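A.B. asks: Here's my sequence, what's the structure:
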Amino acid sequence: MAITTYISDLLYRYECVILPGFGAFLTRNQSARIDEETNSFYPPSKVISFNRQLQANDGLLANYVASVEKCSYEIALRQVRNFSNHLLSDLEKGETIAFRNIGAFSINEEGAIQFSPRENQNYNTSAFGLASFTAPKIARETQTEEVVSTTKEPIVLERHRKPYLRYAAVAVVALMAAGFGSMKLYENQVEAQNLAERQKAHSLVEDHIQEATFIIGSPLPAVNLHLAKHTGNYHIVAGAFRVEENADKKMDQLREEGYSPRKLTSRYGLHQVLYGSFEKRREAVKNLHKIQQTENSNAWLLVQEID
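C.D. replies: As a prediction, the model looks like this:
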């Protein structure tokens with residue numbers, strides 16, 4: 001299903017992706033390593049694990065689904081929760097569920113969910129294009145020779161029977177060093193390109209947020225929707241601003257329209273202006289639809305626990 005693809009997309013950018021009602025996928029960076037027993041070389045990677053205890057919705061996956069499928073947040077969240085329910089139902093039937101490029105789930109004898117990550121999938125963007133390889137062992141042959149001294153006491157000397165193997169070994173080491181140098185140079189180039197793309201994407205998102213907040217064509221007459229509440233985990237957002245001064249102007253505008261707005265700073269540094277907050281999701285969605293239909297079609301619902 002597409003939900004597994006969306007989770008895989010987010011794992012490239014985030015260290016924690018929660019599937020509401022099911023659990024969380026966690027990633028941990030692992031440095032490049034060498035297996036001395038098999039002479040295998042492995043590039044930097046991200047190790048995936050699963051935590052069944054983290055099930056609360058943080059909005060990350062649902063918002064991503066809504067943006068990709070061009071649907072509302074409520075519809076996207078419903079799709080995600082239905083997917084979780086189907087997963088649990090299939091697992092209880094004894095089936096093994098495989099997530100493409102992520103891993104497989106099953107139920108053990110104690111009734112607990114077991115997760116087996118896919119080993120050949122690397123979510124570390126800095127290692128893009130790098131693959132593991134195995135280097136052949138260097139064989140060395142020696143020969144012992146007995147030399148008789150003037151004191152007639154035997155002395156055992158050890159020397160290489162084939163001196164050219166020494167030069168072959170030096171050549172192999174030099175080639176491996178050059179290979180590692182090339183890999184490091186390529187890795188640095190890939191990391192620089194990824195950083196530039198991330199900065200470009202971040203800039204485009206911020207510009208889109210600013211434009212979506214200020215471009216208002218043919219505004220409709222104001223409708224008095226008194227949202228004085230600021231308790232609960234369901235919040236109606238009027239806009240998100242990179243510059244705090246713009247957020248303050250938006251709050252002044254909402255006060256003139258009869259609202260009691262509140263400002264909330266997100267983890268991305270954006271200043272979010274709230275119409276109001278609600279204890280029950282149904283009440284929040286009802287007021288959100290009214291605001292979208294009458295005065296602000298860009299208003300959206302934030303699900304988050306705040307102080």
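
A.B. asks: Show me where the stretch 1-150 of the chain dips below the pLDDT cut-off.
C.D. replies: The model of the stretch 1-150 of the chain has pLDDT under 70 over residues 1, 31, 35-42, 124-133, 135-150.

A.B. asks: all strands for it, in order.
C.D. replies: Using DSSP state E, counting those that start in this stretch, the strands of the stretch 1-150 of the chain run over 16-19, 23-30, 33-35, 40-42, 45-51, 97-99, 103-107, 113-117, 133-134, 142-148.

A.B. asks: now the ones you listed in a markdown table, with distance to E283 and mean neighbour count?
C.D. replies: All C-beta atoms are positioned from the backbone trio N, CA, C, and that covers glycine. Formatted as a markdown table, the strands of the stretch 1-150 of the chain follow (distance: least, CB to CB, whole Å; neighbours: other CB atoms under 10 Å):
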| stretch | distance to E283 | mean neighbour count |
| --- | --- | --- |
| strand 16-19 | 24 | 21 |
| strand 23-30 | 28 | 17 |
| strand 33-35 | 53 | 12 |
| strand 40-42 | 53 | 16 |
| strand 45-51 | 32 | 17 |
| strand 97-99 | 35 | 17 |
| strand 103-107 | 36 | 17 |
| strand 113-117 | 34 | 15 |
| strand 133-134 | 59 | 11 |
| strand 142-148 | 84 | 9 |
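
A.B. asks: can you map out the strands along the stretch 201-307 of the chain?
C.D. replies: Taking DSSP E, counting those that start in this stretch as the test, the strands found in the stretch 201-307 of the chain are 234-241, 262-265, 271-278, 300-303.

A.B. asks: Count the residues that sit near L264.
C.D. replies: For L264, the count of nearby residues is 18 (other CB atoms under 10 Å).

A.B. asks: Quick check: closest non-adjacent residue to it.
C.D. replies: Spatial nearest neighbour of L264, excluding adjacent residues (CB to CB, 6 or more residues apart in numbering): Q272 at 4.6 Å.

A.B. asks: Which one of the strands of the stretch 1-150 of the chain lies nearest to T231?
C.D. replies: Closest approach to T231 among those is made by strand 16-19 (23.8 Å; CB to CB).

A.B. asks: Strand partners (parallel or antiparallel) of that closest one?
C.D. replies: Counting by DSSP bridges, the strands paired with strand 16-19 are strand 23-30 (antiparallel).

A.B. asks: domain assignment for the chain?
C.D. replies: According to automatic domain parsing, the chain comprises the domains 2-127, 142-197, 234-303.

A.B. asks: surely Y14 meets L61?
C.D. replies: No: with contacts counted by CB atoms under 8 Å, Y14 stays clear of L61, the gap being 9.8 Å.
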